[in-house]
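> Got a predicted structure plus its sequence, pasted below:
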Amino acid sequence: MTTFSFEEDIVRSIVVLKNGGTILYPTDTIWGIGCDATNPKAVEKVYALKRRTESKSMIILLDSFDKIARYVDKVPDVAYDLVSNMETPLTIIYSAAKNLAPNVIASDGTIAIRVVNEEFCRQLIAYFGKPIVSSSANIAGDSAPVIFSSIAEEIVKNADYVVNYKRDIFTRSKPSTIIRLLENGEFTIVRQ
């Protein structure tokens, strides 16, 4: 395995993302399979790699809360309160998604968005300038890998680029909490 610096991993990842490819990368929660969330063909590759049906939508990651309004019609005030008061990673399901690949949006028009704090993800998304898909790095139905060494070889071999950063880190993380915003300004917890 060739080792690249943090910055080289970001540059190589961006080249792959711009060319419609998939990356295997560490997120603020677990290892994920990602692609340009605005590119339908790239999103198809993630579904194929995971052997997942397109009826199950995916999470997208952003580097800043301020960018959410680019991808949903309305950002309720409660969303900012939730994001700023959570101490652990939080994914929020918003209504009326826009400016994204149609196959990343759920059939009811919603989109799940997480604003990341993890440095690698934040910089990658900021330099790429678009949201990135984040789907757990596993075959559909298998358990989500919390450390790199537990990712199926099929996933590692078939991703267009595998980030080197954090491969040796054995911190056990878990998927984010998911909250669905309701029309009346309230919310429900989908996953804790």
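Yep, that arrived.

> ok, which stretches of this structure are strands?
Secondary structure of the chain (DSSP state E): strands at 23-26, 31-34, 59-62, 90-94, 111-115, 132-136, 161-162, 177-181, 187-191.

> Was I right to think residue 93 contacts residue 181?
Yes: with contacts defined as C-beta atoms under 8 Å, residue 93 counts as touching residue 181 at a distance of 6.5 Å. The C-beta positions use only the backbone N, C-alpha and C, and glycine is treated the same way.

> so the residue most central in space within the chain bridges to which residues?
The centroid of the chain falls nearest to residue 134 when counting by C-alpha atoms, centre = their mean (2.1 Å). Assessed by DSSP bridges, residue 134 has beta-bridge partners residue 59.

> got the contact list for it?
When contacts are counted by C-beta atoms under 8 Å, 6 or more residues apart in numbering, residue 134 is found next to 27, 32, 33, 34, 58, 59, 60, 61, 114.

> I'd like to know how far residue 164 sits from residue 41.
Distance from residue 164 to residue 41, counting by C-beta to C-beta, to the nearest Å: 26 Å.

> Between the two, which is the more surrounded one?
Under the neighbour definition other C-beta atoms under 10 Å, residue 164 and residue 41 were set side by side, and residue 164 has more, 19 against 11.

> Before we move on, what's the pLDDT of the more buried one?
Listed pLDDT for residue 164 reads 87.

> wait, it sits on residue 7?
No: using C-beta under 8 Å, residue 164 makes no contact with residue 7, being 11.6 Å away.

> For this protein, which segments count as helices?
6-18, 40-50, 77-85, 119-128, 153-158 (DSSP state H).

> Nearest approach to residue 104 belongs to which of the ones you listed?
helix 40-50 (5.0 Å; C-beta to C-beta).

> can you pull the buried residues of the closest one?
Neighbour counts over helix 40-50 (16 or more other C-beta atoms under 10 Å) mark 42, 43, 45, 46, 47, 49, 50 as buried.

> Please name every helix or strand in contact with it.
Packing partners of helix 40-50 (3 or more C-beta pairs under 8 Å, 6 or more residues apart in numbering; DSSP states H and E): strand 31-34, strand 132-136, helix 153-158.
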